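A.B. asks: turn this into a structure:
(2 chains, ligands or ions: 2)
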Amino acid sequence: MTKRKMFLRMITASLLRRRSRMLIALLSIAVGATILSGLVTIYIDVPRQMGAQFRSYGANMIILPGEEGSLTGAVLEEAMQVIPSENIVGATPYRYVRLDMPSRQQSFTTAGTDFDEVRKTSPYFSVEGEYPQNRREIMVGKEVAETIGVRLGSSIELSYKPLASFEGEASADWVPGAALLGSSEGFNEAVLNVSAVLDEEGKISEIEVDALSQTENIGSLVGTDKAFLDQFLGKSLPLTLGEDVDALSGATISSQAVVDALNSSRSRENARLSENKEHYTVAGILSTGGEEEAYIYMSLEDLTRLTQEEIMDVAELSVSASAEELEGYAANIQEEYPALTARLVKRLAKSEASVLSKLQALVFLVTAVVLALTLICVSTTMMAVVSERRREIGLRKALGASDGSIRHEFLGEGMFLGGLGGLLGGLLGFAFAQMVSVHVFGSSITFQPLLLPITIIVSMAISAVSCQLPIKKAVAIDPAIVLKGE
Amino acid sequence: MALLELKNISKIYGDLKALDNVSIRVEKGEWVAIMGPSGSGKSTMMNIIGCMDKPTMGEVLLSGVDISKETARSLTDIRRDKIGLIFQQFHMVTYLTAVENVMVSQYYHSMPDEEEALEALGRVGLRDRARHLPSQLSGGEQQRVCVARALINHPELILADEPTGNLDETNENIVLGLFRQLHNEGTTLIVVTHDPEVAEAAQRTIVLEHGRVAREVINENFGK
Ligand SMILES: Nc1ncnc2c1ncn2[C@@H]1O[C@H](COP(=O)(O)OP(=O)(O)OP(=O)(O)O)[C@@H](O)[C@H]1O
Ligand SMILES: [Mg+2]
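C.D. replies: Ligands and ions are numbered 1, 2, ... in the order given. Next up is the predicted model:
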């Protein structure tokens, strides 16, 4: 039998036959190694997980129509070919229009969209009831629902008033006694309607403003504020805001819209002002905790039918790609389709990076603390082991063991424990990471084969360090104790 | 030249002279017993002879070489190469089997050799107990394993401190028989004992009192 064989036989016998104490040391190493390998596994896998997670927090790219040109479904589809289709998680069109609710004399921003895509790009939308599936079904934001008091299944009428369209010069219609109609885009591009009557001298004798579409209690006051409206009486068209009439304070844009509507007004006979109305059923109520709660949502088809215009204002895209790749896609779209603007949703990309770096710091901190605790625990246990084995160590020295042999044997036992604990911890750590991943991220994790040997080596190193003080104590034991009775 | 010679050694702990100017000679192949009341310095002397301690004063000559000034490291080497130790409390490695305990001594000395270790166990009548752990052996059996362990490396000098102190009559006789064999093979033996019967088995008895050699008695009946 070689010395090496005897050495291994001694240290394995020590571990296997004197279980209790060594089990504690083994356990603490295994726990430390479990947390170490688990955290590192999660840490390695997290960027992938976080990517998916963040994409589920909404779109990371938006496409808008440029200065000239408009965004339609066909244009969008073409532009999206720049991005590999398997990377596109979802692409949601939005068109925003102010619609009036005649029964409530209020108006709301309404978004026309594709609900199948909304699910993909805005998975955090929490919908009570259902996403609209059929024609004339809508989803209302929680805030809207509370304001107007609707519930699931309620029916509401929404109307769209397009800009009045005319042929020829407006001023031709401004004859004494004429009843005029005009409209203009006010705040938020919402249409505001004005009707007026001219007296025998061609001056305004009556005026009525429908400003329901304007901001409640601000812009909408241009339709009710008597002092503001009285200014117009006795004035001739065209008018200039600030000279002929003063703006209603706080509502300059709406005031300007009233003036614009009058300046473009035509006689009732000549104005083609068709108001479209439809009844809709509330299929779902949307809660997001954000501004979306103030909107009404309907399918883009319903909105197109109501407005007779087939365009969209913006498309929100959720793309599975790194920040650099995303920038590349946006630049390509910009280059190939100059009529479009592609932008990244910067806020999310940034917060992704900052959450990652915070997570990294956390993982490092927890790992350091766990390693320190393991170090202390193993060191303490080994210290107790040395005390427990004083007589044995004394005996070994009496039998001729040098300090080097004693050091070697304890280190051997420590490294063996470290290796075993590391192996155990490496495997348990994967299970731990898998559990965390499934519970927190809802997806499984890939096994990192390299992590097992690394965990074993780190565990062995830690237990080697932990053994230094106990070894010092063991080496200092006086062999003479074996001749002294207890 | 004597195998061992203590020249005027003293061991002083504070005010206490555990050994006080002791001089003794032990020839090669001799079997010497050391007796004396508790606290008279027997174990202190054995520690010094066994290279586990150094005297405060005086010289210790082992095969003519003064070891009293050696470093702990070279004392370990000397002990390993020349001395076999047997203790009152046996002292076995609790988690190793009988044969492994014998092999530990080989391991530190030179090379573990299981066959040789088993032979040594055979010599003390425990070959069939070789795979037993100390907890599975009686006190007498444990002490016999320790004798096997002490003789495995063929030391020039075997030191035994109260080897039969914890044994019954039967096992005491077995151990004494083993000592007799070792003596016949030429091994030098120094045995500390309280037991007059054990002392009488030796050629010569040195009696310590208060750290001094009180007297020496030659055993007239030795070998009869
Ligand atoms: N390390 C020490 N420090 C202080 N005093 C010691 C030390 N070792 C031994 N002594 C003292 O030296 C004296 C001799 O001790 P020793 O152990 O040699 O006696 P002994 O003859 O072996 O006794 P026993 O028969 O009880 O084993 C005792 O009084 C003891 O208390
Ligand atoms: Mg003693």
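A.B. asks: tell me the centre residue of chain B?
C.D. replies: Chain B has B:L159 as the residue nearest its centroid, 1.4 Å off, counting by C-alpha atoms, centre = their mean.
A.B. asks: identify the residues contacting that residue.
C.D. replies: Under the criterion of C-beta atoms under 8 Å, 6 or more residues apart in numbering or on different chains, the neighbours of B:L159 are B:M46, B:I49, B:G50, B:I83, B:G84, B:L85, B:I86, B:I190. Every C-beta, even on glycine, is put in place using the N, C-alpha and C of the backbone.
A.B. asks: buried ones in the longest helix along chain B?
C.D. replies: In chain B, taking DSSP state H as the definition, the longest helix is helix B:169-184. With burial defined by 16 or more other C-beta atoms under 10 Å in any protein chain shown, the residues of helix B:169-184 counted as buried are B:N171, B:E172, B:I174, B:V175, B:L176, B:L178, B:F179, B:L182, B:H183.
A.B. asks: re earlier: how about the residue nearest to the centre of chain B, secondary structure?
C.D. replies: In the three-state summary, B:L159 is assigned as strand, counting by DSSP: H, G, I helix; E, B strand; the rest coil.
A.B. asks: what about the helices in chain B?
C.D. replies: With helices called from DSSP H, chain B shows them at B:42-49, B:72-82, B:98-109, B:114-123, B:139-151, B:169-184, B:196-200.
A.B. asks: show me the shaky parts of chain A.
C.D. replies: Low-confidence segments of chain A, defined by pLDDT under 70, span residues A:1, A:46-58, A:163-168, A:170, A:271-274, A:346-353, A:441-443, A:482-483, A:485-486.
A.B. asks: right, is the longest helix along chain A up against chain B?
C.D. replies: Residue-count comparison of every helix in chain A, with assignments taken from DSSP H, identifies helix A:346-388 as the longest. No: Helix A:346-388 lies out of reach of chain B by C-beta under 8 Å from any C-beta of the partner chain, never closer than 10.2 Å.
A.B. asks: around chain B, which positions in the stretch 301-450 of chain A sit nearby?
C.D. replies: Selection of the stretch 301-450 of chain A residues close to chain B by C-beta under 8 Å from any C-beta yields A:R391, A:E392, A:L395, A:R396, A:K397, A:A398, A:L399, A:G400, A:A401, A:S402, A:D403, A:S405.
A.B. asks: 6 Å instead?
C.D. replies: Residues of the stretch 301-450 of chain A found near chain B, taking C-beta under 6 Å from any C-beta of the partner chain as the criterion, are A:E392, A:L395, A:A398, A:L399, A:G400, A:A401, A:S402.
A.B. asks: which one of those residues is nearest to chain B?
C.D. replies: The shortest gap between chain B and any of those belongs to A:G400, at 2.7 Å (C-beta to the nearest C-beta).
A.B. asks: next, the angle helix B:139-151 makes with the longest helix of chain B.
C.D. replies: Put simply, helix B:169-184 runs at 10 degrees to helix B:139-151, going by axes from the mean of the first three to the mean of the last three C-alpha atoms, to 10 degrees.
A.B. asks: in PDB, list the C-alpha atoms belonging to helix B:169-184.
C.D. replies: These are the backbone C-alpha positions of helix B:169-184, laid out as PDB (Å, rounded to 0.1, in the frame of the first residue of the first chain):
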ATOM      1  CA  GLU B 169      -4.800 -10.000  35.300                       C
ATOM      2  CA  THR B 170      -5.100 -12.100  32.100                       C
ATOM      3  CA  ASN B 171      -4.400  -9.200  29.800                       C
ATOM      4  CA  GLU B 172      -1.600  -8.000  32.000                       C
ATOM      5  CA  ASN B 173       0.100 -11.400  31.700                       C
ATOM      6  CA  ILE B 174      -0.400 -11.400  27.900                       C
ATOM      7  CA  VAL B 175       1.300  -8.000  27.700                       C
ATOM      8  CA  LEU B 176       4.100  -9.000  30.000                       C
ATOM      9  CA  GLY B 177       4.600 -12.100  27.800                       C
ATOM     10  CA  LEU B 178       4.900  -9.900  24.800                       C
ATOM     11  CA  PHE B 179       7.500  -7.700  26.600                       C
ATOM     12  CA  ARG B 180       9.400 -10.800  27.400                       C
ATOM     13  CA  GLN B 181       9.500 -11.800  23.700                       C
ATOM     14  CA  LEU B 182      10.600  -8.300  22.800                       C
ATOM     15  CA  HIS B 183      13.300  -8.400  25.400                       C
ATOM     16  CA  ASN B 184      14.500 -11.800  24.100                       C
END
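A.B. asks: related to what we said a few turns ago, CSV for the contacts of B:L159, including pLDDT?
C.D. replies: Conversion of those to CSV gives the following (pLDDT from 0 to 100):
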residue, pLDDT
B:M46, 93
B:I49, 94
B:G50, 92
B:I83, 94
B:G84, 94
B:L85, 93
B:I86, 93
B:I190, 96
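A.B. asks: by neighbours, which of those residues wins?
C.D. replies: Of all the contacts of B:L159, the highest neighbour tally under other C-beta atoms under 10 Å in any protein chain shown goes to B:L85, namely 27 neighbours.
A.B. asks: any idea how far that residue lies from ligand 1?
C.D. replies: According to C-beta to the nearest ligand atom, to the nearest Å, B:L85 stands 15 Å off from ligand 1.
A.B. asks: what sits against that residue?
C.D. replies: For B:L85, the contact set (C-beta atoms under 6 Å, 6 or more residues apart in numbering or on different chains) comprises A:A398, B:L159.
A.B. asks: for it, list each beta-bridge partner.
C.D. replies: Taking DSSP bridges, one obtains B:L159 as the residues bridged to B:L85.
A.B. asks: and it, how far is that from B:E5?
C.D. replies: In this structure, B:L85 and B:E5 are 20 Å apart, going by C-beta to C-beta, to the nearest Å.
A.B. asks: quick one, domains of chain A?
C.D. replies: A:3-53+A:351-482, A:61-161+A:278-344, A:170-274 (automatic domain parsing).
A.B. asks: who are the contact partners of B:F90?
C.D. replies: Under the criterion of C-beta under 6 Å, 6+ apart, the neighbours of B:F90 are B:Q142, B:Q143, B:C146.
A.B. asks: just the pLDDT at the nearest residue to it once chain neighbours are set aside, thanks.
C.D. replies: The shortest distance from B:F90 to any non-neighbouring residue, by C-beta to C-beta, 6 or more residues apart in numbering or on different chains, is to B:Q142 (4.4 Å). For B:Q142, the model assigns a pLDDT of 94.
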